[in-house]
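Enquirer: what's the 3D shape of this:
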Amino acid sequence: MFKKYDFETVTDRTGLDSTKWEVIPIPNAKVKEGFSHIPMWVADMDFPTAPCVIAALQARLAASPAMGYFSLDNTGYYDAIMSWQKRRNNVDIGSKEYISYENSVLGGVANVINTYTKEGDPVLLQSPTYIGFTGTVNATGRKIVLTDLVQDAEGTYRMDLEDMEKKIVDNNIKVAIFCSPHNPTGRVWDKEEIEAFVNVCVKHDVKICSDEIWSDFIVGDKKHIPTQSVSEAAKQNVAAFYAPSKTFNLAGLVGSYSIIYNDDMRAECRRRAAQTHYNQPNILSITAAVGAWNNGEEWVNELLKVIKSNLDYAYECFKKFDGVSVQRPAGTYIMFPDFTEFCKKRNKTMDEVLERCVSVGVICQDGRPFHGPCHARFNLACPHASVVNAFDRLEKYVFNAEW
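Expert: Below you'll find the model as predicted:
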């Protein structure tokens with residue numbers, strides 16, 4: 001189906017420094033003898049990165065064995081970002097001055113939190129919540145305040161703006177974290193929804209951290225709407241974060257960036273980041289990113305077809321499992337099924353469901369740390385044959401079996 005690039009070869013990454021393949025995130029769960037591992041948890045793709053990335057790294061290593069100090073200005077880094085944003089999101093950043101290198105999205109989020117709040121202060125998160133946000137807020141010594149995403153009659157997750165505003169006012173919130181597209185639900189927000197969210201925050205002088213690391217993974221009919229693009233107010237109150245790591249499977253190389261248009265916000269965030277010398281790029285990470293953005297678009301477009309095929313297949317399978325509720329993601333490569341009714345009908349606990357999945361080699365992730373009370377998170381970024389194999393096991397041994 002997808003001929004130019006290899007998205008079909010199933011590769012066992014055991015012994016190759018892969019957390020995804022080496023770790024089972026469910027305590028006490030074990031894979032039974034006779035079942036191979038199909039890891040479907042941490043957001044890491046089981047595809048080789050784009051050939052243009054490998055070519056860029058090889059060319060740099062061949063050109064010079066020196067790995068000394070260097071300047072981002074001489075790498076094409078800023079031009080590559082601005083070109084990618086223009087092509088993919090129709091955003092004209094305008095100047096490289098608005099872009100700051102960040103070692104990680106979560107590091108950048110932590111920096112904004114530290115800039116606008118003090119220890120013990122509350123930070124607003126939308127629930128279900130990416131566990132990285134939870135960990136970051138806790139690590140900075142702040143308090144988590146949740147506003148729930150509410151499912152409508154069709155099961156689509158929606159923001160509860162009334163609840164959000166009440167939480168902001170009651171808790172004197174000064175920083176909110178926004179995930180677009182949303183992890184773990186896969187929701188791609190409409191422009192009107194983003195505008196309404198921004199308006200509530202700006203009304204109460206709340207700064208927004210907008211994590212848009214999934215912006216290249218739009219698999220439905222919608223388009224990614226950058227949060228900063230919806231209004232001038234958004235432009236002046238939002239710190240947006242992006243990275244090549246999700247798109248090109250480069251998490252092990254490290255490297256993200258922020259876009260902050262507000263001069264005071266950008267200057268203060270940079271000042272605080274400089275205090276720890278945290279954001280120091282390395283030459284191979286930058287080489288990989290520039291090679292990806294400049295030459296990887298065709299690869300990404302083909303990747304998205306694979307991801308969509310996998311998500312569609314998984315969605316149809318989940319729908320056939322009695323007691324399982326699931327939404328078709330419009331973005332990301334993540335699915336977040338709800339097993340509440342299944343557990344009630346079968347008199348099973350969520351722990352038992354997770355352990356049963358792992359026992360047949362389908363290693364998913366507990367949804368409870370994401371604030372999904374009876375949910376699991378499934379990563380579908382793997383060869384289609386692995387998806388078919390995984391759901392065949394889930395059907396035979398978990399959801400349509402007596403145990």
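
Enquirer: and Asp160, what does it touch?
Expert: Shown in contact with Asp160 (C-beta atoms under 8 Å, 6 or more residues apart in numbering): Thr147, Asp148, Leu149, Val150. Every C-beta, even on glycine, is put in place using the N, C-alpha and C of the backbone.

Enquirer: domain parsing for this protein?
Expert: 19-50+298-399, 54-295 (automatic domain parsing).

Enquirer: Same list, the contacts of Asp160, but as JSON lines with neighbour count please.
Expert: Formatted as JSON lines, the contacts of Asp160 follow (neighbours: other C-beta atoms under 10 Å):
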{"residue": "Thr147", "neighbour count": "22"}
{"residue": "Asp148", "neighbour count": "16"}
{"residue": "Leu149", "neighbour count": "20"}
{"residue": "Val150", "neighbour count": "11"}
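
Enquirer: Which of the residues you listed lies at the shortest distance from His375?
Expert: Using C-beta to C-beta, Leu149 is the member of these that sits closest to His375, with 12.4 Å.

Enquirer: just to revisit the earlier point, for Asp12, find the nearest of the domains of the chain.
Expert: Once the domains of the chain are compared by C-beta to C-beta, domain 19-50+298-399 is nearest, at 7.2 Å.

Enquirer: ok, back up a step: which one of the contacts of Asp160 is nearest to Ala80?
Expert: Leu149 (33.9 Å).

Enquirer: show me the contacts for the closest one.
Expert: Gln126, Ser127, Pro128, Tyr157, Arg158, Met159, Asp160, His182, Thr185, Arg187.

Enquirer: Which helix or which strand is home to it?
Expert: strand 143-151 (DSSP states H and E).

Enquirer: who does that strand pair up with?
Expert: strand 122-127 (parallel), strand 157-159 (antiparallel) (DSSP bridges).

Enquirer: Can you point out the buried residues in the shortest one?
Expert: By neighbour count, and taking 16 or more other C-beta atoms under 10 Å as the criterion, the buried residues in strand 157-159 are Tyr157, Met159.

Enquirer: So what's the gap between the next helix or strand after that strand and the chain middle?
Expert: On the C-terminal side of strand 157-159, the nearest following helix or strand under DSSP H and E is helix 161-171. Mean C-alpha position of helix 161-171 versus that of the full chain (C-alpha atoms, centre = their mean, to the nearest Å) differs by 25 Å.

Enquirer: And helix 161-171, what does it pack against?
Expert: With contacts taken as 3 or more C-beta pairs under 8 Å, 6 or more residues apart in numbering; DSSP states H and E, helix 161-171 sits against strand 122-127, strand 143-151, helix 191-203.

Enquirer: out of those, nearest to Ala314?
Expert: strand 143-151 (18.9 Å).

Enquirer: quick check: mean pLDDT across the closest one?
Expert: Average pLDDT, strand 143-151: 98.

Enquirer: between that strand and helix 161-171, how big is the angle?
Expert: Counting by axes from the mean of the first three to the mean of the last three C-alpha atoms, to 10 degrees, strand 143-151 lies at 170 degrees to helix 161-171.

Enquirer: Please export the C-alpha coordinates of strand 143-151 as PDB.
Expert: What follows is strand 143-151, C-alpha atoms only, in PDB (Å, rounded to 0.1, in the frame of the first residue of the first chain):
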ATOM      1  CA  LYS A 143      -0.700  22.500  42.500                       C
ATOM      2  CA  ILE A 144      -2.800  20.900  39.800                       C
ATOM      3  CA  VAL A 145      -6.300  22.200  39.200                       C
ATOM      4  CA  LEU A 146      -8.300  20.100  36.700                       C
ATOM      5  CA  THR A 147     -11.100  21.200  34.400                       C
ATOM      6  CA  ASP A 148     -12.800  18.200  32.800                       C
ATOM      7  CA  LEU A 149     -13.300  17.700  29.100                       C
ATOM      8  CA  VAL A 150     -16.900  16.700  28.700                       C
ATOM      9  CA  GLN A 151     -18.100  14.200  26.000                       C
END
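
Enquirer: Who are the contact partners of Arg88?
Expert: So Arg88 contacts Ser215, Asp216, His224, Glu297 (C-beta under 8 Å, 6+ apart).

Enquirer: ugh, typo on my part, it should be Val326
Expert: Tyr315, Phe318, Lys319, Met335, Phe336, Pro337, Asp338 are the contacts of Val326 under C-beta under 8 Å, 6+ apart.

Enquirer: Which ChimeraX command selects the buried ones in those residues?
Expert: In ChimeraX, a selection of the buried entries from those looks like this (16+ other C-beta under 10 Å):
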select :315,318,335,336,337,338
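
Enquirer: With respect to Asn379, which of the contacts of Val326 is nearest?
Expert: Met335 (8.4 Å).

Enquirer: pretty sure the closest one contacts Tyr313?
Expert: No - the pair Met335 / Tyr313 is not scored as a contact, 10.7 Å apart, by C-beta atoms under 8 Å.
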